[in-house]
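Engineer: 3D model of this:
(one chain, ligands or ions: 1)
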Amino acid sequence: MTLLSVENLKKYYYSGVFNKKEIRAVDGVDFEINKGRTLGLVGSSGCGKTTVARTILRLIEPTEGRIVFEKKDITKLRGRGLKSLGCEMQIIFQNPESSLNPRMRIYDAILEPLRIHKLCSADEENEKILKLIEIVNLNEELLFRYPHELSGGQLQRVVIARILSLNPKFIVADEATSMLDPLVQAQILNLLKDLQIKFGISYLFISHDMDVVEWMCDEIAIMDKGKIVDWK
Ligand SMILES: Nc1ncnc2c1ncn2[C@@H]1O[C@H](COP(=O)(O)OP(=O)(O)OP(=O)(O)O)[C@@H](O)[C@H]1O
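Structural biologist: Purely as a prediction, here's the structure:
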């Protein structure tokens, strides 16, 4: 069953004041992702992978095309609709520290989205946080530490716990494990796969590492100069 479909997606940038130069970052991309499946997006640096992801998540406006999520056209969604879409579609970046406030203890970092989106009552907060860290295999002792006191792998688990609190249906992993050493990378990838099985999450998995993509993904789209040029 299709969760997300992207039709003729384009994102052009314009640079220069006098001699306007057109940059076709994404130039007519089509794909579908089914529920509980993973699509890999690979290609050389600058081919448009991150732009595809940010456009789908409505973090940037597409120049042209249509994005359909759960049978709903979300291309022009605004206001409250866009806010609730923000829970269902999430992104994990390469550097977990960029997603976490350095002055906020881990406990509060996981609590923050629960409070912002009013996802549980005050009485349920503690239990919910303990449940989330159990799901991502994070030790309870780490809850009262600050981000700089955790390793890259532990931080990525915190980021995943925060995201999971929102019950997402779709997650973009944008080079999410490429800064981690191979053993930790394998652990995080296994965690993402487990979460997919448990919660039926769909992923758009962006990476330079073809071995990782082949292991992680059901289907792979290869991008070049803003277009999908091959499928695997
Ligand atoms: N805000 C912007 N303004 C102008 N050009 C941009 C902007 N964002 C991206 N681009 C350009 O769009 C193209 C695609 O960039 P994008 O970051 O999507 O590529 P990528 O495949 O994700 O690269 P990488 O693997 O290095 O992250 C590049 O030529 C980039 O310079």
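
Engineer: near the ligand, which residues of the chain show up?
Structural biologist: 13, 15, 23, 25, 43, 45-51 (C-beta under 6 Å from any ligand atom). Heads up, the C-betas are built off the backbone N, CA and C, glycines and all.

Engineer: please enumerate the strands of this structure.
Structural biologist: Here the chain has its strands, by DSSP state E, at 2-15, 21-34, 38-42, 64-69, 72-73, 89-92, 170-174, 202-206, 219-224, 227-231.

Engineer: quick one: closest of the ones you listed to residue 152.
Structural biologist: Comparison of the strands of the chain against residue 152 by C-beta to C-beta identifies strand 89-92 as nearest, at 12.6 Å.

Engineer: thinking again about what came up before, could you identify the most distant pair in the residues of the chain next to the ligand?
Structural biologist: 15 and 43 (21.3 Å).

Engineer: of the residues of the chain next to the ligand, buried ones?
Structural biologist: 25, 43, 47-51 (16 or more other C-beta atoms under 10 Å).

Engineer: pretty sure residue 100 is touching residue 109, no?
Structural biologist: Yes: between residue 100 and residue 109 there is a contact at 5.4 Å, judged by C-beta atoms under 8 Å.

Engineer: could you pull out the helices in the protein for me?
Structural biologist: Along the chain, the stretches classed as helices by DSSP state H are 49-56, 79-88, 106-116, 125-135, 152-164, 182-199, 210-216.

Engineer: just the C-alpha atoms of the fourth one, please, in PDB.
Structural biologist: Same thing as helix 125-135. Output in PDB follows, covering the C-alpha atoms of helix 125-135 (Å, rounded to 0.1, in the frame of the first residue of the first chain):
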ATOM      1  CA  GLU A 125       5.400  11.600  31.000                       C
ATOM      2  CA  ASN A 126       8.000   9.700  33.000                       C
ATOM      3  CA  GLU A 127       6.600   6.300  32.000                       C
ATOM      4  CA  LYS A 128       6.500   7.400  28.400                       C
ATOM      5  CA  ILE A 129      10.200   8.500  28.400                       C
ATOM      6  CA  LEU A 130      11.300   5.300  30.000                       C
ATOM      7  CA  LYS A 131       9.400   3.300  27.400                       C
ATOM      8  CA  LEU A 132      11.000   5.300  24.600                       C
ATOM      9  CA  ILE A 133      14.600   4.900  25.900                       C
ATOM     10  CA  GLU A 134      13.900   1.200  26.300                       C
ATOM     11  CA  ILE A 135      12.700   0.900  22.600                       C
END
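
Engineer: for the helix or strand of the chain with the lowest mean pLDDT, buried residues please.
Structural biologist: Counting by mean pLDDT, DSSP states H and E, the chain has its least confident helix or strand at helix 79-88, which shows a mean of 84. For helix 79-88, a neighbour-count test (16+ other C-beta under 10 Å) marks 85, 87-88 as buried.

Engineer: also stretch 183-197?
Structural biologist: By neighbour count with 16+ other C-beta under 10 Å, stretch 183-197 contains the buried residues 184-185, 187-189, 191-192, 195-196.

Engineer: excluding its backbone neighbours, what's nearest residue 102?
Structural biologist: Distance criterion C-beta to C-beta, 6 or more residues apart in numbering; nearest residue to residue 102, sequence neighbours excluded, is residue 147 at 5.4 Å.

Engineer: and residue 155, by the same measure?
Structural biologist: Leaving aside its chain neighbours, residue 155 sits nearest to residue 96 (3.8 Å; criterion: C-beta to C-beta, 6+ apart).

Engineer: just residue 209 next, same as before
Structural biologist: Excluding the flanking residues, the one nearest residue 209 by C-beta to C-beta, 6+ apart is residue 178, at 6.7 Å.
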